[in-house]
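Chemist: sequence plus predicted model, see below.
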Amino acid sequence: MAALEKQCTLSVHYDRSTPNEVGELKKDLESNDVEKKTKALKRAILLQLNGEALPGVLMTVIRFILPHEDNHLRKLCLVYLEIVDKTGPQGKMLPEMILVCNMIRNELTHPNEYSRGCALRFVCKIKEAEILEPLVPAVRQNLEHRHSFVRRNAVLAVHMIFRNFEYLIPDAPELVYQFLQGETDVACKRNAFEMLCQCDEEKAVKYLVHSLEVVSSWGEILQLSALKLIRTICKSKPEEKATFIKLIFELLQSSCASVAFEAATTLFFLSQSTTAVRAAVECYCRLLLSQSDNNIRLILLDRLEEIRSSHPSVMQEVLFDMMRILSSPNLEIRKKVLSLASDLVTSRNAQPIINLIRKEIHGLATEVGDDFEVTLQYRQLLLRFIRNIAMNFPDCVALATSVLEEFVDDELAVVAPDAVVALREVAVKYPHLQSSIIERLGYIVTSGLRNPRVLRGIFWILAEFSSNSDQVTNSFHAVLTVVSPLPLSPQWSTETEVVSDVQSVSSDHSFHSVSSKKPKVLADGTYATQTVVEELVSGVERRDLSRQGAAVRSLILGGDYFLGVAVCSAMTKLALKSRKLLNKQASHKMIATSMLLCSSLLRFAQSSEAPAKMDSGSAERIILCILSLTGDVPGDLFLTSSHVAFEEYIKERRKKEDEKLREQAEKDHLQVDEPIEFRILRTQRQFGGLLDYSEHSVASKEWDPNFVEEEDERIEFDLTKVVQLTGRTDPVYAEAHVAVKQYDIILDILVMNQTTDTLQNLTVELATMGDLRLCERPQSHNIGPLDQRSIRTNIKVSSTEAGIIFGTIVYDIAGKASPSRSVILSDIHIDVMDYLHPGVVSDAVFRSLWAEFEWENKISIQTNMTDLGEYLDFVIRCTNMKCLTPRGLENESGFLAANLYATSIFGEDALLNVSAEKTAQGNIVGFIRIRSKMQGVALSLGDRISSRQNTVK
């Protein structure tokens, strides 16, 4: 165990050695067969890595492997010598190391450059000064070797020797500086320059300053090292910025993408002036367009997003260059670009941006067949982008509205409903555009549109915003066109037509009725006479309305009564408006036609020819329409109430958006008592010689590998996260604090020795179930009587699923020959709630994900609560999800239908739907459905709700 803890830096699976294993290894190592030697040496390396004792094998390797001429075998020998113990139990150098040192010196002077290079790499890994001291002259000699491979590794060897044992090569910086001035190989110069940067920064700066004129002709790796040194120097000595600023501007134009990227990063780090930021941003945009790797593009977009918050005016200058990346087929890139552009649109560039988006929409027609799902999501992103422009820039709202109208007439059914919603919001906020929206939608609805959700939205807009006589007449005609001929019955589509041209209502055309009687066979086989009243219009050309209205009519006759109710409501609302806007004859005509539509839809739904029976809610709504038309119910129910409800919905939505923006803005604000730092008043002494500018704090964290943010290192202690692992009467008491930090689970285990004996080799052995992986095995400890130790271990998480951590504590009692003892630990259950956080998606995305996910967990509601709102609050708290459905009417209506959404740290989605009602007895009944891509998420959330809903009152 001691050898394992001392040497093992890599745990490799192996089969434990047997008593005869050492003898067999020695025999194979002494064999003349190279293959046997290789296998035996690999076996010895694995056993040595895992702490097995191999007495006598070291000498056998030195005698029979190290002098061998096979290069691969000698390379394995160097690996073995790297991991083997080089000192004895007393800490003194083993005698065998004298032979090793002599043979390594021979390798350093070997005529083969590959052998020299491998020996130099081996020297870099030696940590014993007694072995390195006789090798220093040979290492120095290799700095002048003719082959660059040897010189490159010789510089590394000098670097490592100087860093670990400076007294062995006290003149190493000067030696490497002289070497750097005469060297021509790029890799050798880079290693030497890095050595100077870490060991003697002044010489590195001196060399860089003397070479400023030729840095642009250096190789890529050397230029990157120079930029790294510039950032370090300018952080500690800001006065040196002027020396290197010209060089950085030159490197921005480098043909190497990595150099240009680092130069832009360095320039933004050094200067916050508009010129410097503009040059860096232009470089990022140039790389964004020239690089084809999507990962690189995402990194560049993240960098531009950081710059946007501090320099929006500069970002607005390159907005159109950045928008060119929308040609990329990757959805994540498009999403980031549109998100970035949405904050950069102003009244000056809004109109060109809309035209650019219009071209992008037209160009998507060729992409539908290639990847329908990706194209669909992209169109939704474009729609949301245009909607935001329309709501924020009144000067461009007319152009944006025309683009939204193109979405309404789109063949992709998922995008069009969102476009109708956007047009509805535009019509409310900008009343002067209502006439043009109504005119365009009236044309679209009569062109054969078949999407029920879109049609319902259009009918509502036509009925709600028609405010003058012409608009009411045209809207009523458009709605009637798509459901004609009346009455609604499958037979009337072929046997007769009722032509109703409402455009003649406002004219002086005369009307007359023709009655006809036709026999009808009833369900019981008897005959009956049905009277049909056909109203003909004189002076107007007869239209083939059955062909124009086939789409909507066929949907209603096919059983879509929800669409039928929308048509009845729209015609009722328009007919009620006609009382004040049209003459009595025209108004009576509209009312009669609307009543005929409502009554015929009710009769059809109750007949045997109907494909399905109409639900009671739809029937009540149609009856309410009829009562409103007859005057038995006040018309304000249609004319006022719906408009007020929609305005409340818009206010609530805008309130949520404003709260989100306010929360985002508060993150950038300083607290009242937070100190303000002026960098001109700061001193190097005050900050330990390193100036850390507040505006560069984010940059420091990303660009400096040694930068550590205190908040990231500090783990908040929460008593609710403490888990008791053993009993209080056990000889060893243990408890653990479980902290979930993104992809890691950090266990702080407190172990207490409750006995009067010293416990030796106490080890906490852990194992996991689920998608959890133990990264490191906790070290062994010796704990004195009544003493305690804190042990920390790290566990990686790979998916949003519940997991279990279990294990034992194994220990020996000092002074007793008894076998090792153990204490079994209680299981630690990792809750899926630690990975989930509330999220927001649109209704269209929610429905798309709901249809896509295959795992569903259906839970019956069984609770003692009697308030629907309180129960919904309980579900939100219990699942840590966001409610997407507007609230406030669940208690008044007695019904609850809500959608909840959450996302995990791994990008996984969790969907939840609550469907409940309050019975006459006051109980809440219904179901909760949970859907996710991973089965574990749905099951874990369901179990959490089921276990807690009965205990909450």
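Modeler: Looks like it came in fine. Numbering: from 1, shown residues only.

Chemist: now the stretch 801-950 of the chain, which segments are flagged as low pLDDT?
Modeler: Counting by pLDDT under 70, the stretch 801-950 of the chain contains low-confidence ranges at 801-802, 890-891.

Chemist: now the helices for it?
Modeler: In the stretch 801-950 of the chain, helices defined by DSSP state H, counting those that start in this stretch lie at 843-852, 868-879, 890-893, 935-949, listed in chain order.

Chemist: do the stretch 451-600 of the chain as well
Modeler: When secondary structure is read from DSSP H, counting those that start in this stretch, the stretch 451-600 of the chain shows helices at 452-465, 469-483, 545-548, 550-557, 561-581, 584-606.

Chemist: and the helices of the stretch 801-950 of the chain as JSON lines, adding distance to Val155 and mean neighbour count?
Modeler: No exception for glycine: its C-beta is placed from N, CA and C like everyone else's. JSON lines is the format used below for these (distance: least, C-beta to C-beta, whole Å; neighbours: other C-beta atoms under 10 Å):
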{"stretch": "helix 843-852", "distance to Val155": "56", "mean neighbour count": "16"}
{"stretch": "helix 868-879", "distance to Val155": "59", "mean neighbour count": "18"}
{"stretch": "helix 890-893", "distance to Val155": "74", "mean neighbour count": "14"}
{"stretch": "helix 935-949", "distance to Val155": "52", "mean neighbour count": "19"}
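
Chemist: looking at the ones you listed, which is closest to Val403?
Modeler: Checking these against Val403 by C-beta to C-beta gives helix 843-852 as the closest, at 17.6 Å.

Chemist: what's in contact with the closest one?
Modeler: Judged by C-beta atoms under 8 Å, 6 or more residues apart in numbering, the contacts made with helix 843-852 from elsewhere in the structure are 377, 380, 414-415, 417-418, 841, 884, 899, 901, 909, 911, 913, 931, 933.

Chemist: now, those that are in strands?
Modeler: Per DSSP state E, strands hold the following members of the contacts of helix 843-852: Asn899, Tyr901, Asp909, Leu911, Asn913, Arg931.

Chemist: closest one to Leu180 out of those residues, please.
Modeler: The shortest separation between Leu180 and any of the ones in strands among the contacts of helix 843-852 is 54.9 Å, and it belongs to Asp909 (by C-beta to C-beta).

Chemist: and the furthest pair within the ones in strands among the contacts of helix 843-852?
Modeler: The span of these, defined through C-beta to C-beta, is set by Asp909 and Asn913 at 13.4 Å.

Chemist: the two: which has the busier surroundings?
Modeler: Regarding Asp909 and Asn913, a neighbour count based on other C-beta atoms under 10 Å identifies Asp909 as having more, with 23 against 18.

Chemist: pull the CA atoms of stretch 852-864 into PDB?
Modeler: Coordinates of each C-alpha in stretch 852-864 appear next as PDB, following Å, rounded to 0.1, in the frame of the first residue of the first chain:
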ATOM      1  CA  GLU A 852     -40.500  14.100 -29.700                       C
ATOM      2  CA  PHE A 853     -39.900  12.600 -26.200                       C
ATOM      3  CA  GLU A 854     -40.800   9.000 -25.800                       C
ATOM      4  CA  TRP A 855     -40.500   8.500 -22.100                       C
ATOM      5  CA  GLU A 856     -43.600   9.500 -20.200                       C
ATOM      6  CA  ASN A 857     -44.500   9.000 -16.500                       C
ATOM      7  CA  LYS A 858     -48.200   9.400 -15.600                       C
ATOM      8  CA  ILE A 859     -49.000  10.200 -12.000                       C
ATOM      9  CA  SER A 860     -52.400  10.300 -10.400                       C
ATOM     10  CA  ILE A 861     -53.100  13.300  -8.300                       C
ATOM     11  CA  GLN A 862     -53.800  12.200  -4.700                       C
ATOM     12  CA  THR A 863     -53.500  15.100  -2.300                       C
ATOM     13  CA  ASN A 864     -55.200  16.600   0.700                       C
END
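
Chemist: buried sites along that stretch?
Modeler: If you call a residue buried by 16 or more other C-beta atoms under 10 Å, then stretch 852-864 has these buried ones: Phe853, Asn857, Ile859, Ile861, Thr863.

Chemist: repeat that for stretch 382-389.
Modeler: Of the residues in stretch 382-389, those buried under the neighbour-count criterion (16+ other C-beta under 10 Å) are Leu382, Leu383, Arg384, Phe385, Ile386, Arg387, Asn388, Ile389.

Chemist: so the third one touches Ser842, yeah?
Modeler: Yes. With contact taken as C-beta atoms under 8 Å, Arg384 and Ser842 are classed as touching, separated by 7.5 Å.

Chemist: just give the number of residues close to Leu725.
Modeler: As a burial measure, Leu725 scores 26 neighbours (other C-beta under 10 Å).

Chemist: ok, now which ones touch it?
Modeler: The contact partners of Leu725, by C-beta under 8 Å, 6+ apart, come to Ala734, Glu735, Ala736, Ile749, Leu825, Ser826, Ile828.

Chemist: can you put the residues you listed in JSON lines and add neighbour count and distance to Ala40?
Modeler: Supplementary listing: the contacts of Leu725 in JSON lines, determined by neighbours: other C-beta atoms under 10 Å; distance: C-beta to C-beta, whole Å:
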{"residue": "Ala734", "neighbour count": "22", "distance to Ala40": "43"}
{"residue": "Glu735", "neighbour count": "15", "distance to Ala40": "48"}
{"residue": "Ala736", "neighbour count": "25", "distance to Ala40": "44"}
{"residue": "Ile749", "neighbour count": "22", "distance to Ala40": "41"}
{"residue": "Leu825", "neighbour count": "22", "distance to Ala40": "41"}
{"residue": "Ser826", "neighbour count": "16", "distance to Ala40": "46"}
{"residue": "Ile828", "neighbour count": "19", "distance to Ala40": "43"}
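
Chemist: separation between Leu132 and Pro170?
Modeler: With the distance defined as C-beta to C-beta, to the nearest Å, Leu132 ends up 14 Å from Pro170.

Chemist: please enumerate the helices of the stretch 101-250 of the chain.
Modeler: Secondary structure of the stretch 101-250 of the chain by DSSP H, counting those that start in this stretch: the helices cover 113-124, 129-132, 136-141, 148-164, 172-182, 186-199, 201-210, 220-236, 241-251.

Chemist: nope, the stretch 601-750 of the chain is what I meant
Modeler: Under the criterion DSSP H, counting those that start in this stretch, the stretch 601-750 of the chain contains helices at 616-630, 636, 642-667, 697-703, 710-713.

Chemist: next, count neighbours for Asn164.
Modeler: Asn164: 14 neighbours (other C-beta under 10 Å).

Chemist: isn't it right next to Cys124, touching?
Modeler: No. Taking C-beta under 8 Å as the contact criterion, Asn164 and Cys124 are not neighbours in contact, 9.6 Å apart.

Chemist: mutual contacts of those two, please.
Modeler: In terms of C-beta under 8 Å, 6+ apart, Asn164 and Cys124 are not both contacted by any residue.

Chemist: circling back to that earlier point, what's the farthest-apart pair in the contacts of Leu725?
Modeler: Pairwise distances among the contacts of Leu725 were taken by C-beta to C-beta; the largest, 12.1 Å, belongs to Ile749 and Ser826.

Chemist: which residues are in contact with stretch 292-306?
Modeler: Around stretch 292-306, the neighbours that count as contacts under C-beta under 8 Å, 6+ apart are 257, 261, 265, 281, 284-285, 287-288, 291, 315, 322, 325, 328, 330, 332-333, 336-337, 339-340, 698.

Chemist: how about His432, what does it touch?
Modeler: Here His432 is in contact with no residues (criterion: C-beta under 8 Å, 6+ apart).

Chemist: ok, now Pro134?
Modeler: When contacts are counted by C-beta under 8 Å, 6+ apart, Pro134 is found next to Cys101, Arg105.
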